[in-house]
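[1] The following comprises the amino acid sequence and a computationally predicted model.
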Number of protein chains: 2
Amino acid sequence: MIQDGKKRVILENVKPSVDNGKYPIKRVPGESVTVLADVFADGHDELAVVLKYKPVAQAAWNEAPMRHLGNDRWEAEFTVDEQSIYLYQVTGWIDAYASWRKGIRKKLDAGQDVAIDIKAGLELIMQAVKRAGGADAQRLGDLASQIDSMQDVARATLQATSDEVGLLMDQYPDRTSATAGNEFMVTVEPQLALYSTWYELFPRSCTDDPSRHGTFKDCEIQLTRIAGMGFNVVYFPPIHPIGRKNRKGRNNAVVSQPGDPGSPWAIGSEKGGHKSVNPHLGTMQDFEDLVAAARKLNIEIALDLAYQCAPDHPYVSEHPEWFRKRPDGSIQYAENPPKKYEDIVPFDFECDDWQAMWRELKSIVDFWIGKGIRVFRVDNPHTKAMRFWEWMIASVKKEHPEVLFLAEAFTRPKLMQHLAKIGFSQSYTYFTWRNAKWELEHYLTELTRSDLRDYFRPNFWPNTPDILPEFIQYGGRPAFVLRLALAATLASNYGIYGPAYELCQREAIPNKEEYADSEKYEIIKWDWNRQDSLSDFITRINQIRAENPALQTTWNVRFFETDNEFLLFYAKATPDLSNVVFVIANLDPFHTQSGWVSVPFEELNIPHNQTCLVHDLISDNKYIWQSSRNYIELEPAKLPVHIFKVNRRLKREHDFDYYF
Amino acid sequence: MIQDGKKRVILENVKPSVDNGKYPIKRVPGESVTVLADVFADGHDELAVVLKYKPVAQAAWNEAPMRHLGNDRWEAEFTVDEQSIYLYQVTGWIDAYASWRKGIRKKLDAGQDVAIDIKAGLELIMQAVKRAGGADAQRLGDLASQIDSMQDVARATLQATSDEVGLLMDQYPDRTSATAGNEFMVTVEPQLALYSTWYELFPRSCTDDPSRHGTFKDCEIQLTRIAGMGFNVVYFPPIHPIGRKNRKGRNNAVVSQPGDPGSPWAIGSEKGGHKSVNPHLGTMQDFEDLVAAARKLNIEIALDLAYQCAPDHPYVSEHPEWFRKRPDGSIQYAENPPKKYEDIVPFDFECDDWQAMWRELKSIVDFWIGKGIRVFRVDNPHTKAMRFWEWMIASVKKEHPEVLFLAEAFTRPKLMQHLAKIGFSQSYTYFTWRNAKWELEHYLTELTRSDLRDYFRPNFWPNTPDILPEFIQYGGRPAFVLRLALAATLASNYGIYGPAYELCQREAIPNKEEYADSEKYEIIKWDWNRQDSLSDFITRINQIRAENPALQTTWNVRFFETDNEFLLFYAKATPDLSNVVFVIANLDPFHTQSGWVSVPFEELNIPHNQTCLVHDLISDNKYIWQSSRNYIELEPAKLPVHIFKVNRRLKREHDFDYYF
């Protein structure tokens, strides 16, 4: 027979939850979790429902009463403060006192005799006296005696249902038959997980003389420049020794020429593997110095975690059992037929020695954490076993909850979502190819208004070393300006493959979205002083992000109407509306577009008879919007986007009374 | 460390499932279950995914291969045959042979050397030889030898990737690292759970002389009449002794007059309780005879399971611990303040002796099953503990899977849904108050296209003894005709509070949806020969249901456009389109309405240059529809509804060749 047959409260459909609680939701300190649940019972009794929550290490639960929203849906919220795992749980019970109070009041209103009902209420109060201690028990007992001694039933009812009695009764409920729901988890990660600004840089090209390989020491100069532009994560492609065997030449040539540096993703040679640095970049000490220098600039160095080997990686000879062998005894290189990647051999996640291999792969992360690294950009996680990531990330975060992993998976939606579920802190997204207004609105709505919102933190990249999108190839500098402004204001995490983006590099391999003369296979001399550099613009955008808290989260984006399909209009605001930003972008990089936008006065609590000041934070122009419909005209070559800071209220005459 | 690290396949989001598999889905024999799941793995390998299913008592699983629908969603279906619990489960694994086959073909197409790849394929084939037995192992081995001996690599590839090899390889996959999902349950109930036609009847009024109480013997005459109208469930309000204490008089009077029979829901007196019959109705033997007579007419007698007592029920004195006491020592009667039901005392589901009480309540069901009852209409289940129902229904169905329970809960959506989740076979619905076109379309879409479809079987009632809806109060006979036709064709389960509906009884208590002079409190003499009786119409409608399998399920309803807000148009069809029914109803009982309807020629596989015959099964009129737009005119007083049987194709000249 069922246990606890007296539990009458039913709990269902708790949100947020990822796969019914199998995986945690994600937050950063200061973010809130709004919990919803269906809670009901048979009959007409009143329920009491509370949200319980706590950091996992804390013994006692915190509690917040849940509000009934109607249709048996209940809601409450809590804010997470510490970087830790939190638990939350919904608990509900029949509130005997509140049920009694509702009934006796209705009876009294209907003129019915309630003499016996009063006695029933007194019984409930006396039971609470037993549960309460000290002064509260004393006071409740006194109140009960008063009520008991009253001759006038109506007066007794008023007293027994008074706020004072109610508040005391709420504190000492009978929870013996409470129904507790499942416990759900929240992973609280550092602020950087939600608000980060990434610059991808090949250290090899940090050199004034492209015949000379750039070094970690050279990077220090760049770091200062990049910090000045407002970035706080600098991500390096792999810094390890590069394989000699089957090394790729320039432009992905199958045979390299002497002096070609090879792809940094072909990791490992006789000089070492994933725990070594490429001697051309310097020494391990140089690297550690660089990480320290970066931290002084408030920059995290993000390393590339690429779990794959060049054929001459020490692992291949030391642990041949971790790789797939071909029938001729050779190790199977990476391939996606008919494409071949002969400079890379993948790990075999179906090998019998998977446990030792998993431990070794995790030890690479631990090694670099030991060198001061806190952020990893993970290369192609969708081509390695999902269960490995789940175990590895959980194991690392148990000791180092501050460590973040960005999933570089540009693949099918379910796979990208699963990687986020199993622990990746941030994810690359399809933003890279979402250009039309409907695409952007639809995609951002999916990211911020579906269940994804609770576990998939988007990081928007308008380009990467692997992807030079057609939109910026064809759209030129206005397209670079536009796409950066969109990435930086739609998502609180964004990044660029820095030098190429800054300098509007757009030479592509014909009919491909790939860079010609890619830095992946050669050292490039970047001309930082190019006339058309976006450096100042990027600096300004990152300043705007830093100064406007509304832009430091992704979840608050809201789209509003315009009457031109090229004009995209969205707003972001802090919950208290103390910071409100409007972004209006001309998505057509070729033509001036104009039209009318509808400003959500009501949502901003702006009375319709008032006006608002909008201050363009890029151009520094100021406009007065006198009604909710306003005219916009954006010329792409001049500036394809407004980022307005909204002053919700223009002062009116009577506001100046104070001064006169 | 995680177990089974080599399992690379991920399984998520299996549908259908009720609360993630916590509760079973429902079916009747012959219905299919279409199972969907997200299944994927890292990398580019091919997957094999199967749906496993079986009756719970069967040792071996049946398997059906799942089809990839795109976006990592897989689908397969199975049909349930026996009245039992079924299990289903999704299992997926990396298909090494299929992955290899895809790769080698691409390489061959790209002109690459595949000499070593052939050998890798042979290794896979030889592994399958070991898993296969007998003739298949022999044949696969022979094929492998042939391939191995071929000089021409292209020929060897064709042979190794041939259909013959592929089919054999598919039979002997390597499942050692397969991922198996959770097991989900299906409760397969009798056909009657899906297709039933209910007539509610107070045996007390089965008498020609209202001064005399009707008896079970009198009911036999009525049963023949009701069977003739095409009903197969006759539901009796409680047939037990009625309490004397606080008995209600006519029209719910608080004080009854001598001779008043009282409400049958006030169960129990010194004459007995839930396991006794009201002596006015006859003896237990009379009742058993009636059940047997009904079964000969293909009618199930449904009993009312009302778990509540009159104050003089034997339980109240024998088990006072099962009832709530008031402070004055009296037993608490039922109330929903300020409403009082002094003739009824509810069980206290929070009492300490709940286990004994649950067992006694279940024994009532067992008792009547022993008397031949298979269908229970459960009174107000939403006012008794949910956990009790879950336990009771599961316990009863373990021994008697043929027994059905209809939940009479007209309450909040979540509560009604929960009752269905925890085991009720059928549920009353909001149909009773859904009259407008948008309401009906919206509600039927919710019932048949949301998750409800898998566990909530609607039973549509246009009236009950408790509810005389305004629509039929005001709309008169045309409204009665309309609402019955809608109930009977929208839902495959429908029922009426029979005599009152048949005879268009519509005298209400002013401004209430309650019958004046309700049969709940008195014996009524029904005039079966009234001029306006719906008897013939109901008979015809039930015949149409019996003759058209498309109307014997609820799940197939589809709505189509009309250009008049009063014209509702829906179609039902068998999966093979061998039976197609169109229903077009004028929802305005007061005025003739006309308009154009759009016929879904494409969905019915009717070529646009053809025509279809539509045969009105009520009026017997026939129409030729020559295009997908057709004119409809419905006069409520004449007939507010068409029920067309569709002949999809009008014979054409060349079809007659045969005859000449």
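    Thanks, I have it. Numbers count the residues shown, from 1 in each chain, chains lettered A, B, ... in the order given.
[2] Hmm, A:F349 and A:K384 touching each other?
    Yes: counting by C-beta atoms under 8 Å, A:K384 touches A:F349, with 6.2 Å between them. The way it works is simple: take the backbone N, C-alpha and C, and place the C-beta from them, glycine included.
[3] So between the two, which is more surrounded?
    A direct count of neighbours by other C-beta atoms under 10 Å in any protein chain shown for A:K384 and A:F349 places A:F349 higher, at 25 against 22.
[4] does the more buried one sit in a helix, a strand or a coil?
    Under DSSP: H, G, I helix; E, B strand; the rest coil, A:F349 falls in the coil class.
[5] correct me, but it touches A:M386?
    No: counting by C-beta under 8 Å, A:F349 does not reach A:M386; the two are 9.4 Å apart.
[6] So for the two, which residues contact both of them?
    Shared contacts of A:F349 and A:M386 (C-beta atoms under 8 Å, 6 or more residues apart in numbering or on different chains): B:8, B:42.
[7] continuing past the lengthiest helix in chain A, what's the next helix or strand?
    For chain A, the helix with the greatest residue count under DSSP state H is helix A:470-490. Counting by DSSP states H and E, the element after helix A:470-490 in chain order, helix or strand, is strand A:493-497.
[8] Which element is encountered next along the chain beyond that following strand?
    As assigned by DSSP H and E, the chain's next helix or strand after strand A:493-497 is helix A:498-502.
[9] so what's the residue nearest to the spatial centre of chain A closest to, chain neighbours aside?
    Chain A has A:R457 as the residue nearest its centroid, 3.0 Å off, counting by C-alpha atoms, centre = their mean. Spatial nearest neighbour of A:R457, chain neighbours left out: A:Q426 (4.8 Å); criterion: C-beta to C-beta, 6 or more residues apart in numbering or on different chains.
[10] Which part of the stretch 551-660 of chain A gets nearest to chain B, residue-wise?
    Nearest to chain B in the stretch 551-660 of chain A, going by C-beta to the nearest C-beta, is A:W555, at a distance of 23.2 Å.
[11] follow-up on the earlier one: any idea how far the residue nearest to A:R457 is from chain B?
    19 Å (C-beta to the nearest C-beta, to the nearest Å).
[12] I'd say that residue and A:N493 touch.
    Yes: using C-beta under 8 Å, A:Q426 is in contact with A:N493, at 5.6 Å.
[13] any common contacting residues for those two?
    A:193, A:196, A:457-459.
[14] Going by neighbour count, list what's buried in the longest helix of chain A.
    Residues of helix A:470-490 classed as buried: A:471-472, A:475-490 (neighbour count, 16 or more other C-beta atoms under 10 Å in any protein chain shown).
[15] same question, stretch A:121-138
    Here stretch A:121-138 shows A:121-122, A:124-125, A:128-129, A:132, A:136-137 as buried, counting by 16+ other C-beta under 10 Å.
[16] what residues does it touch?
    For stretch A:121-138, contacts defined as C-beta under 8 Å, 6+ apart pick out A:96-97, A:100-101, A:104, A:140-141, A:143-144, A:147-148, A:160-161, A:165, A:168-169, A:171-174, B:327.
[17] again, but for stretch A:569-579
    With C-beta under 8 Å, 6+ apart as the contact definition, stretch A:569-579 has outside contacts at A:444, A:489-490, A:548-551, A:553, A:556-562, A:580-585, A:597, A:600, A:603-605, A:645, A:648.
[18] could you redo the last one with a cut-off of 6 Å?
    A:548-551, A:556-560, A:562, A:580-584, A:597 (C-beta atoms under 6 Å, 6 or more residues apart in numbering or on different chains).
[19] Distance from that stretch to the middle of the chain?
    Averaging C-alpha positions (C-alpha atoms, centre = their mean, to the nearest Å) puts stretch A:569-579 18 Å from its chain's average.
[20] same deal with stretch A:371-388?
    17 Å.
[21] Span of it from start to end?
    23 Å (C-alpha to C-alpha, to the nearest Å).
[22] is chain B contacted by that stretch?
    Yes: judged by C-beta under 6 Å from any C-beta of the partner chain, stretch A:371-388 and chain B are in contact via A:382-387.
[23] Just the buried ones among the contacts of stretch A:569-579, please.
    Buried by 16+ other C-beta under 10 Å: A:548-551, A:556-557, A:560, A:562, A:580-584, A:597, out of these.
[24] Name the nearest of those relative to A:L47.
    A:N556 (32.1 Å; C-beta to C-beta).
[25] most surrounded residue in the shared contacts of A:Q426 and A:N493?
    Scoring these on neighbours with other C-beta under 10 Å, the highest-scoring entry is A:R457 at 29 neighbours.
[26] sorry, back to before: distance check, the residue nearest to the centre of chain A against A:L447.
    From A:R457 across to A:L447, the span is 9 Å (C-beta to C-beta, to the nearest Å).
[27] For A:E183, which residues are in contact?
    A:E183 neighbours (C-beta under 6 Å, 6+ apart): A:87, A:89.
[28] how about a cut-off of 10 Å?
    By C-beta atoms under 10 Å, 6 or more residues apart in numbering or on different chains, the contact set of A:E183 is A:21, A:52-53, A:56, A:87-90.
[29] count of residues packed around the residue nearest to A:W368 when sequence neighbours are not counted?
    Spatial nearest neighbour of A:W368, chain neighbours left out: A:L303 (5.6 Å); criterion: C-beta to C-beta, 6+ apart. Using other C-beta under 10 Å, A:L303 has 26 other residues around it.
[30] Wait, A:R477 touches A:A637, no?
    Yes: using C-beta atoms under 10 Å, A:R477 is in contact with A:A637, at 7.9 Å.
[31] Name the residues contacting each of these two.
    Counting by C-beta under 10 Å, 6+ apart, the common neighbours of A:R477 and A:A637 are A:P589.
[32] Let me see the mean pLDDT of the longest helix of chain A.
    On average, the pLDDT along helix A:470-490 is 98.
[33] Low-confidence regions, the stretch 101-250 of chain A specifically.
    Across the stretch 101-250 of chain A, nothing is flagged by pLDDT under 70.
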